[in-house]
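Student: Here is my input, please return the structure:
(one chain, ligands or ions: 2)
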Amino acid sequence: MTKLSVNINKIATLRNARGGDIPNVVEAALNIEKFGAEGITVHPRPDERHIRYSDCHDLKPVLTTEFNIEGKPIQKFIDLVLEVKPAQVTLVPDAEDAITSNAGWDTIKHREYLQDVIAEFKSNGVRTSIFVDPVKEMIEGAAKTGTDRIELYTESFAVDYAEGRPDSAKAYAQCAQLAHELGLGVNAGHDLSLKNLRYFKENVPHLAEVSIGHALISEALYLGLEKTIEHYLKLLK
Ligand SMILES: CC(=O)[C@@H](O)[C@H](O)COP(=O)(O)O
Ligand SMILES: NCC(=O)COP(=O)(O)O
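Tutor: Numbers count the residues shown, from 1 in each chain. Ligands and ions are numbered 1, 2, ... in the order given. Sure, this is the predicted structure:
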């Protein structure tokens, strides 16, 4: 079964817009869990444009589903994850000024660096996942880092699907199968939506978890958060 982890970055974007605490990020996360989500994902970026480091400390003690913290493993981020100890950390190679995540790790070039960081998280009981493009050599490189899982970076699938070219899902399916054979768990995320998720789920095997935020929160503006999450859960069954 593929778990739905809702990324609540954009709840924090709205909260920060007025400098206050509405919508409250913790309240939103607890409602999202009540509506059936099987995880909460946050991505505290170095500039804290949306999720703040303090949000991670506030969320951890009250969440009852899996907490996944995503980010580039700069020292401040590593320290945060070791303090909070979420169920999972997802390492993303983002530039500090990136408008959003826009690439997976070069797991060959950065193997030793990733090995060290992953070993530190695993020795502290945090499951690790690394953000990768659907390229077989990167999957093979990921297996050599010691990571528990990979997260397939799905933006290129989402773009292709929207342009009537769903065939790019084949590369994801091949990479998911290879990862599974190499003993890696398979997560996926970025730009997944109600429009493209069914096709992705039906054509890509071994999906343990999808993390979805931007589209889900946007769709909830029209459908409501509970109904939107209900739709996603049905697509993943
Ligand atoms: C790694 C990933 O795909 C998500 O964390 C995505 O980057 C969301 O980040 P933003 O909400 O800042 O766009
Ligand atoms: N890891 C992907 C994620 O958490 C959410 O990405 P998006 O749905 O906001 O593009």
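Student: what residues are up against residue 4?
Tutor: By CB atoms under 8 Å, 6 or more residues apart in numbering, the contact set of residue 4 is 36, 37, 38, 39, 209, 210, 212, 229, 232, 233, 236. For the C-beta atoms, the positions are set from N, CA and C on the backbone; glycine is no exception.
Student: which bits of the chain sit near ligand 2?
Tutor: The chain has residues 7, 41, 70, 151, 189-192, 211-215 near ligand 2, with proximity defined as CB under 6 Å from any ligand atom.
Student: Rebuild the contacts of residue 4 as TSV, extending it with pLDDT.
Tutor: Below are these laid out as TSV (pLDDT from 0 to 100):
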residue	pLDDT
36	98
37	98
38	98
39	98
209	98
210	99
212	98
229	98
232	98
233	98
236	98
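Student: Tell me which of these fall in strands.
Tutor: Mapping the contacts of residue 4 onto strands (DSSP state E) picks out 39, 209, 210, 212.
Student: Out of the residues you listed, which is nearest to ligand 2?
Tutor: Ligand 2 lies nearest to residue 212 out of the ones in strands among the contacts of residue 4, by CB to the nearest ligand atom, at 4.4 Å.
Student: Local confidence estimate at the nearest residue to that closest one once chain neighbours are set aside?
Tutor: Among residues not flanking residue 212 along the chain, residue 192 sits closest, at 4.9 Å (CB to CB, 6 or more residues apart in numbering). On pLDDT, residue 192 comes in at 98.
Student: Taking the contacts of residue 4, please make a PyMOL selection of just the buried ones.
Tutor: Selection of buried members from the contacts of residue 4 for PyMOL, criterion 16 or more other CB atoms under 10 Å:
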select buried, resi 37+38+39+209+210+212+229+232+233+236
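Student: So which residues of this protein form helices?
Tutor: Counting by DSSP state H, the chain has helices at residues 9-16, 25-34, 53-59, 75-84, 111-123, 136-143, 155-162, 169-181, 197-203, 214-223, 225-236.
Student: So for the fifth one, what gets flagged as buried?
Tutor: What it means is helix 111-123. Of all the residues in helix 111-123, those buried under the rule 16+ other CB under 10 Å are 111, 114, 117, 118, 121.
Student: And the fourth one, by the same measure?
Tutor: Of the residues in helix 75-84, those buried by neighbour count under the rule 16+ other CB under 10 Å are 77, 78, 80, 81, 84.
Student: wait, which of those is closest to residue 53?
Tutor: Taking CB to CB as the measure, residue 53 lies nearest residue 80 of the buried residues of helix 75-84, at 5.3 Å.
Student: Just the pLDDT for the closest residue to the closest one other than its chain neighbours.
Tutor: Take residue 80 and drop its neighbours on the chain: the residue closest to it by CB to CB, 6+ apart is residue 53, 5.3 Å away. Residue 53 is assigned 98 on the pLDDT scale.
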